[in-house]
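# predicted model and sequence follow; I will ask about them next.
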Amino acid sequence: MELEKLNLKGVEDKRPLVIAGPCSAETEDQVMDTAKQLAKNGIKVFRAGVWKPRTKPGGFEGNGVAALPWLQQVKKETGMLVATEVATAKHVEEALKYGVDLLWIGARTTADPFAVQEIADTLKGVDMPILVKNPVNPDLELWIGALQRINNAGIKRLGAIHRGFSTYDKKLYRNLPQWHIPIELHRRIPELPIICDPSHISGRRDLISPLCQQAMDLQFDGLIIESHCDPDHAWSDASQQLTPDVLSLILNNLVIREMNQTTENLSELRKQIDEIDMELTEMLAKRMRVAREIGIYKKEHEMAILQTQRYDEIINKRVEAGSAMEMDGEFMKVVFEAIHAESVRQQMKIMEG
Ligand code: PEP
Ligand code: MN
């Protein structure tokens with residue numbers, strides 16, 4: 001994939017890139033009030049849903065085109081960049097007409113290759129940053145496919161948003177994080193920025209702070225967080241939105257650990273583990289050589305391979321020794337049963353041979 005940095009005007013290129021704003025643009029006052037508070041707190045990119053894909057009819061489906069001038073007003077009065085979700089070619093055209101700076105494709109849309117292709121076709125010849133949310137279902141290939149469609153249309157300033165995955169069995173989170181999926185996306189496309197959406201993962205404002213920290217510790221590039229001037233009265237996703245001030249508190253408390261330092265230390269430790277594993281393997285091979293010699297002895301003296309008493313003694317003594325060295329007894333048992341089983345297999349070969 002041919003990619004470039006997101007290169008957002010007026011936004012410092014450092015972790016985390018923060019995008020914040022209400023789930024939906026409800027009224028001009030709500031948009032302006034929220035935007036001004038966020039800008040005052042140093043937020044540089046404002047989000048607001050103009051077209052809202054709702055799971056069921058009857059929910060607030062957004063103000064549509066009528067809300068776009070409010071975003072223009074946000075740009076004008078605060079200097080923030082503005083971002084919104086698009087699901088159709090028409091949405092893209094309208095957003096471009098009103099100077100929206102950044103577009104994202106929602107989770108429901110990413111799951112539909114026809115819709116993504118339609119958006120991609122409309123973006124041909126346009127140079128703007130596009131973010132692609134993961135599809136609602138945990139399908140990495142579908143996510144990558146959507147990114148490729150947009151990239152094939154010539155969009156190089158591309159990023160991904162991890163917003164978790166739908167599950168029938170709702171537990172702690174609204175959408176399961178399944179971190180291994182964005183981590184695998186990063187392994188496959190290392191230069192693609194990945195932004196975490198803790199609001200839609202959690203569905204609950206009290207879980208947002210730890211999720212932000214986790215995303216930073218997993219080296220995500222940014223955060224997209226829902227923030228509303230009056231969260232409890234939000235027309236959509238009320239339970240997961242934060243006031244701009246609470247959002248600031250969370251962001252100020254984040255610990256940003258840089259990767260170089262930790263990976264250097266980590267790779268040193270991993271080298272040690274590799275060496276120890278090699279020593280363990282050589283020791284095991286040595287043990288098997290001795291076991292085979294015992295096998296030859298048993299064969300010559302017509303003894304049975306399995307000497308139950310000896311077996312019990314080995315396991316008990318190893319469990320005891322391991323426990324004295326702070327290893328779980330059950331773990332020691334499993335390890336030595338496996339080692340013994342391999343010794344028996346090797347002795348059987350000698351008996352048969
Ligand atoms: C949103 O960002 O408001 C939204 C609808 O999110 P998602 O597509 O992740 O459900
Ligand atoms: Mn939302």
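Received it, and whenever you're ready, just let me know what you need. Numbers count the residues shown, from 1 in each chain. Ligands and ions are numbered 1, 2, ... in the order given.

# show me where the stretch 51-200 of the chain has helices.
68-78, 89-97, 107-110, 113-123, 140-152, 180-188, 198-202 (DSSP state H, counting those that start in this stretch).

# any idea which of these is most buried?
Mean neighbour counts were compared across those using mean count of other CB atoms under 10 Å; the top stretch is helix 198-202, at a mean of 26. For every residue, glycine as well, the C-beta is placed using N, CA and C.

# hmm, that one touching ligand 2?
No: contact of helix 198-202 with ligand 2 (CB under 5 Å from the ion) is absent, the minimum separation being 6.0 Å.

# so which strand or helix has the residue lying closest to residue 304 once chain neighbours are set aside?
Of all residues not flanking residue 304 in the chain, residue 298 sits nearest, at 7.4 Å (CB to CB, 6 or more residues apart in numbering). Element membership for residue 298 (DSSP states H and E) is helix 259-300.

# quick one, what contacts residue 121?
89, 153 (CB atoms under 8 Å, 6 or more residues apart in numbering).

# hmm, try it at 7 Å
When contacts are counted by CB atoms under 7 Å, 6 or more residues apart in numbering, residue 121 touches residue 153.

# returning to what we had before: mind giving me the packing neighbours of the helix holding residue 298?
The helices and strands touching helix 259-300, judged by 3 or more CB pairs under 7 Å, 6 or more residues apart in numbering; DSSP states H and E, are helix 329-352.

# name the helices or strands packed onto the helix it packs on?
helix 259-300, helix 308-324.

# in that helix, what counts as buried?
332, 336, 339, 340, 343, 347, 350 (16 or more other CB atoms under 10 Å).

# name the residue of the protein that lies nearest to ligand 1.
residue 106 (3.2 Å; CB to the nearest ligand atom).

# ok, that residue - contacts?
53, 85, 87, 133.

# kindly report the same for residue 235.
For residue 235, counting by CB under 7 Å, 6+ apart, the contacting residues are 24, 26, 60.

# A helix includes it, no?
No: in this structure, residue 235 is coil, not part of a helix, as judged by DSSP: H, G, I helix; E, B strand; the rest coil.

# ok, it to residue 333 distance?
59 Å (CB to CB, to the nearest Å).

# can you select the buried ones from the contacts of residue 235 in PyMOL?
Applying 16+ other CB under 10 Å to these, the buried members can be selected in PyMOL as follows:
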select buried, resi 24+26
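
# between the contacts of residue 235, which is nearest residue 304?
residue 24 (76.5 Å; CB to CB).

# so residue 257 sits in a helix?
No: counting by three-state DSSP, residue 257 falls outside a helix, being coil.

# domain boundaries for the protein, per the record?
17-252, 264-352 (automatic domain parsing).

# ranking the ones you listed by mean pLDDT, which is last?
For those, the weakest mean pLDDT is recorded on domain 264-352, namely a mean of 91.

# and the stretch 201-350 of the chain, which of its residues are near ligand 2?
Residues of the stretch 201-350 of the chain lying near ligand 2 (CB under 5 Å from the ion): residue 237.

# try it again with 6 Å
226, 236, 237 (CB under 6 Å from the ion).

# contacting residues for the last one?
Okay, so that is residue 237. 23, 226.

# could I get the helices and strands packed on helix 329-352 as TSV with mean neighbour count and distance to ligand 1?
Converted to TSV, these look like this (neighbours: other CB atoms under 10 Å; distance: least, CB to the nearest ligand atom, whole Å):
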stretch	mean neighbour count	distance to ligand 1
helix 259-300	11	26
helix 308-324	13	48
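
# now distance to residue 47 too, for the buried residues of helix 329-352, in a markdown table please.
Shown next, in a markdown table, are the buried residues of helix 329-352 (distance: CB to CB, whole Å):
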| residue | distance to residue 47 |
| --- | --- |
| 332 | 53 |
| 336 | 57 |
| 339 | 57 |
| 340 | 60 |
| 343 | 62 |
| 347 | 67 |
| 350 | 70 |
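
# quick check, nearest of those to ligand 2?
Nearest to ligand 2 out of the buried residues of helix 329-352 is residue 332 (CB to the ion; 50.1 Å).

# quick check: that closest one touching residue 322?
Yes: the pair residue 332 / residue 322 is scored as a contact, 3.5 Å apart, by CB atoms under 7 Å.

# can you pull the contacts of residue 54?
Contacts of residue 54 (CB under 7 Å, 6+ apart): residue 61.

# same thing but at 10 Å, please
24, 60, 61, 62, 108, 236 (CB atoms under 10 Å, 6 or more residues apart in numbering).

# from the contacts of residue 106, which would you call buried?
85, 87, 133.

# look up the closest residue to the first one, ignoring the ones flanking it.
Nearest residue to residue 85, sequence neighbours excluded (CB to CB, 6+ apart): residue 106, at 4.8 Å.

# distance of the one you found relative to residue 236?
13 Å.

# what do those two both touch?
With CB under 10 Å, 6+ apart, residue 106 and residue 236 have common neighbours 49, 52.

# coming back round to it: adding distance to residue 74, write the helices and strands packed on helix 329-352 out as JSON lines.
Shown next, in JSON lines, are these (distance: least, CB to CB, whole Å):
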{"stretch": "helix 259-300", "distance to residue 74": "33"}
{"stretch": "helix 308-324", "distance to residue 74": "63"}
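
# quick one: closest of these to residue 122.
helix 259-300 (36.3 Å).

# return the distance of the closest one from the chain's centre.
34 Å (CA atoms, centre = their mean, to the nearest Å).

# not counting its neighbours along the chain, what's nearest the residue of the stretch 51-200 of the chain at minimum distance from ligand 2?
Proximity of the stretch 51-200 of the chain to ligand 2 (CB to the ion) peaks at residue 200, 6.0 Å away. Leaving aside its sequence neighbours, residue 200 sits nearest to residue 163 (CB to CB, 6+ apart; 4.1 Å).
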